[in-house]
Each structure stands twice: as C-alpha cells, then as structure tokens.
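Chemist: just need the structure, nothing else, for what follows:
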Amino acid sequence: IVQGVTVGALGAAEMAEQQIDSRHGLRTQWTAMAAVDAAVCGERTSLDELQDDHLSYACYVAASGGREAVCEELVDRYWRLSTHQRQQGAPTFAWTISASRGGHATIVRMLLDRGVSAISTNPNGDAPLQNAVANGHVQVCSLLLDASADANFRDPHGQSMVGIAAVKCYTAVFDLLVDRGAVVNAEVLGSAAGGAPDGTSTRVRLVEKILSSGVCVADMSPIGSQSSLHVSPLHVSCQAGHTEVAQLLLQTARQQGVLSTVLSQYSTNYSQQMCPPLHYAVQSQSASHRCTLTTILLDHGADVAATDVNGETALELATDSDVIGALVPSHVERLMLERVPSPLRQALFDGIQKALQNSARVGDTQTVELLTGLGANGEEEVAAQRAEATLMFLAAQVNDMMVVNALLQAGCDPFVSAGPNGCTTA
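Modeler: Below you'll find the predicted structure:
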C-alpha cells in the first residue's frame, strides 16, 4: 500500500526520470520509497538499514516529496560513498529537477550547497530551471539563477524560460528572469498574448509591460525556436480568444503606425503565407469570444475579402451564426460603398453559400433560412437583386443601418421577399 501511494504521488514524469528498466531497479525503487515513508512516520529501521546501492533512489524520493530532514541525511550519506558507488545510482541532477518541479526551495538550496549541478539536463533535455519556471516557483528560480543557471535557457521544444513564464502569466517569475538578463522580444510578446483564457487582467498587464519595453506589435516570431510556423502576437491572441489583449495590441499598433500591417499580416509556414488574423478570430479556440474578436478586427479595418492559403475568406470558414452576422454586413458594406462590379459580387455570393453549408452542417436552421436567398440560380442580375434583398434583410437583423442605407441608395427594394416565410426587410 505504501509503495502504491508513493508511486502515485511521484507521478509518471518522475518515474520516467528514474530510468528503471529491470526487476532489480524496481525493487530498488520500492525499497527506497518504503524506507523514506517509514522514516517520515518516525520508523527509522528501514532507513538505517538501507543498502548503499539504494541511496541514490532514496535521495530522489525524498527530494520529490519535499522530505527535507530525510533528504539531507540521505544526501550526506550518499556523498560519503566512493565515486564508483555513486556512479551506479540515479544521476544527482534528477534530485534537483524533481525538487525544483515541486518547489521545494530548502531541498534545492541544500543540494546546491553540496555541489549538485544547477544546469545539468536529463536525457530529454529537461533542466531544473525549466521545471521551476513551468510551475511558477519563484524562490527556486532565484536559487538556480544564483547558482549559474542561464536565464535565456531554452527547453527541448525551443521555448525560452521567459516565454514559458509569460504564457502562464507567472509575473513574479517573469520579472525575476528579466532582471537576470532574459531577452524580451516578439516571441515573448506572442507567448504572453496566448495561453489559457483565465487571469485576463494579469495577462493584459503583462502584455502592457512587454510592449512598454519597445517590442513592435508587427514583429513576427516562431512558436518556439524550432517551429516553422511564424505568427504575430495578434494571431496568437485571436487563436487563444483573448479579446482584451487583442484590443490592446491593435491600439498599440495604431500608436506605432503599423495597424494596417498587423491586420493584413499572414502567418507563415516554411515561408508560405497561411492566414491573416481575421481567420484566426472566426476559428478561435474560445468559441464564446469568436464574435467579439471578429467585431474588434472589423472595427479596426480588417479586410473581409482577404483569403487564406486555400483561397477561402473568413466568412467561408465561419460556422457560428453571430460571427456570420458580423461578417455579412461588412461584406455588403464593402460591396456597396466601393461599388464592386458583378464578378466580385458573385464571389461574395459563393462565399456566403459556403457559410450556408457550414450552418446547415452544425444544425443552425435560423441562419440557413436567412442565407437561403444567397444561393439563387438563374440570370446573374436576378440573382444579384435577390441576394441584395437578402443581404439587406440580414443587415436589418443585426441593426446595421449604415449597410441598410447603402443598399437603399443602391436601389435595393425593402419590400422584396428576402427572409424566412416570405418576410421582407420592411
């Protein structure tokens, strides 16, 4: 029972670091676990009788569980072994990695004082600092940095330490790393602009802090140094669903004089253009924020006619009725106010037809009914008139008077049947 509970507490990651691949190794590990747990409970017999070849694993178990007194005793016993005996057990950096992951600052300090490395990595490339940063343990981070850990170290996936702190909104760790020389650039801004949707106010303040250092909103960066995908911070915020961050980035882009650049930037993969920010917004991971993000981008001048690498517009990719409702009037406004000729008008109808198919696929019957008139066949002029009437109906549905007025001035008849059950705009 003790062994089972302890194994569960350590977790899969810690067990993997042990590299136990034999029955002898498992027996060693279990013996060490039982001895440490018994010592914590006041029974020292097993600990005192622990064999030398079990000491390294016992040190690891104690460091992982934050057993300070037991860990210190075991480490001192371990260092009294011969060099050959020490080489037979688990590497000592595994102790520091596990203690750093758990935030056990006292144990980390004790290990560093006894000469255990602060910078060694395991076979997977994981280091103590990476584990401390990823779990927000600022005191452990400070100890490791004092012991020569590199503030600009990158994990096996190419992510910087300050980028990891930014994406998780660990502001205290972020500030510490910056104070110790971590580089803040567009990649870090992109990390801060993404991440989980919780802690919005903290994330906004962190983005403001990074922007105040002079980072340009229009700078593209990879998602980690080993990634072929390059994106802007606006792409990332739209993908993650951070509306307030996206608003802040757009406001800053206007102040920096790069607003049009930011709105029209395409993410790239191996130098191939992929998608502008608007496409990320309509397909955001946060479904509840798609419409707000889409509206924010449109209000700042995003191009509704822009296409992605597959030639599709944002409207063709949208599946939410409120997002479609935000995009359609913008298409109509562009169509009417710029007096677009019929070929582009037909392309617009084709895009809305795709939106109709998407809405039907997700069971959105109301939008299906509203968009039915946009797929008309027959002579182009007849189709255009019917589509204009339906577009006016949609504009009226979302109370967009600018678009309704533009359609009226273009001669669109508000008394033509356009909506479900023969309903007219009027």
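
Chemist: and the closest residue in space to L259 that isn't next to it in sequence, what is it in contact with?
Modeler: Excluding the flanking residues, the one nearest L259 by C-beta to C-beta, 6 or more residues apart in numbering is A253, at 4.5 Å. To be clear about C-beta, it is placed using only N, CA and C from the backbone, and glycine gets the same treatment. The contact partners of A253, by C-beta atoms under 8 Å, 6 or more residues apart in numbering, come to 217-218, 234, 259, 261-263.

Chemist: just the buried residues from the residues you listed, in PyMOL please.
Modeler: Here is the PyMOL selection string for the buried members of these, based on 16 or more other C-beta atoms under 10 Å:
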select buried, resi 217+218+234+259+262+263
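
Chemist: name the residues that touch the host helix or strand of R290?
Modeler: Using DSSP states H and E, R290 falls within helix 290-299. For helix 290-299, the external contacting residues (C-beta under 8 Å, 6+ apart) are 238, 241, 243, 246-247, 250, 263, 277-278, 281-284, 304, 314, 318, 320, 322-323, 325-327, 330.

Chemist: narrow those residues to those in helices?
Modeler: Mapping the contacts of helix 290-299 onto helices (DSSP state H) picks out 238, 243, 246-247, 250, 263, 277-278, 281-282, 314, 322-323, 325-327, 330.

Chemist: and the closest residue to Q265 other than its chain neighbours, how far from I223?
Modeler: Leaving out its chain neighbours, the residue that sits closest to Q265 by C-beta to C-beta, 6+ apart is S232, at 5.1 Å. Applying C-beta to C-beta, to the nearest Å, one obtains 11 Å for the distance of S232 from I223.

Chemist: so what sits against both of those two?
Modeler: Common neighbours of S232 and I223 (C-beta under 8 Å, 6+ apart) are G190.

Chemist: which of the two has more neighbours?
Modeler: Set side by side, S232 and I223 show more neighbours around S232, with 30 against 21, by other C-beta atoms under 10 Å.

Chemist: show me what contacts that one?
Modeler: Going by C-beta under 8 Å, 6+ apart, the list of residues near S232 reads 186, 190, 217-221, 262, 265, 267, 277.

Chemist: what about L144, is that helix, strand or coil?
Modeler: Secondary structure, DSSP: H, G, I helix; E, B strand; the rest coil: L144 is helix.

Chemist: that one: what's it in contact with?
Modeler: L144 sits in contact with 100, 108, 112, 118, 128-129, 132, where contact means C-beta under 8 Å, 6+ apart.

Chemist: repeat that for T106.
Modeler: Per C-beta under 8 Å, 6+ apart, neighbours of T106: E68.

Chemist: does it count as helix, strand or coil?
Modeler: T106 - assigned by three-state DSSP - is helix.

Chemist: and it, how close does it get to H235?
Modeler: 43 Å.

Chemist: any idea how far A132 is from G422?
Modeler: For G422, the distance to A132 - C-beta to C-beta - is 67 Å.

Chemist: repeat that for E208.
Modeler: Taking C-beta to C-beta, one finds E208 at 25 Å from A132.

Chemist: higher neighbour count, those two?
Modeler: Legend: neighbour count by other C-beta under 10 Å for E208 and A132, higher for A132 (30 against 13).

Chemist: for that one, give me its contacts.
Modeler: 100-101, 103, 140-141, 144, 173.

Chemist: determine which two of those are furthest apart.
Modeler: With distances taken as C-beta to C-beta, the most widely separated pair in the contacts of A132 is R101 and V173, at 13.9 Å.

Chemist: which one's more surrounded, these two?
Modeler: Neighbours around R101 and V173, counted as other C-beta under 10 Å, are more numerous at V173. The numbers are 26 against 23.

Chemist: so the more buried one versus L50, what's the distance?
Modeler: In this structure, V173 and L50 are 36 Å apart, going by C-beta to C-beta.

Chemist: now do the strands in this protein.
Modeler: Taking DSSP state E, the strands of the chain run over residues 221-222, 229-231, 268-269, 272-273.

Chemist: would TSV of those with distance to T200 and mean neighbour count be doable?
Modeler: TSV is the format used below for these (distance: least, C-beta to C-beta, whole Å; neighbours: other C-beta atoms under 10 Å):
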stretch	distance to T200	mean neighbour count
strand 221-222	22	19
strand 229-231	20	21
strand 268-269	28	16
strand 272-273	31	12
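
Chemist: just put those in JSON lines and tack on mean pLDDT and distance to M392.
Modeler: Shown next, in JSON lines, are the strands of the chain (pLDDT from 0 to 100; distance: least, C-beta to C-beta, whole Å):
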{"stretch": "strand 221-222", "mean pLDDT": "86", "distance to M392": "43"}
{"stretch": "strand 229-231", "mean pLDDT": "90", "distance to M392": "37"}
{"stretch": "strand 268-269", "mean pLDDT": "90", "distance to M392": "38"}
{"stretch": "strand 272-273", "mean pLDDT": "87", "distance to M392": "34"}
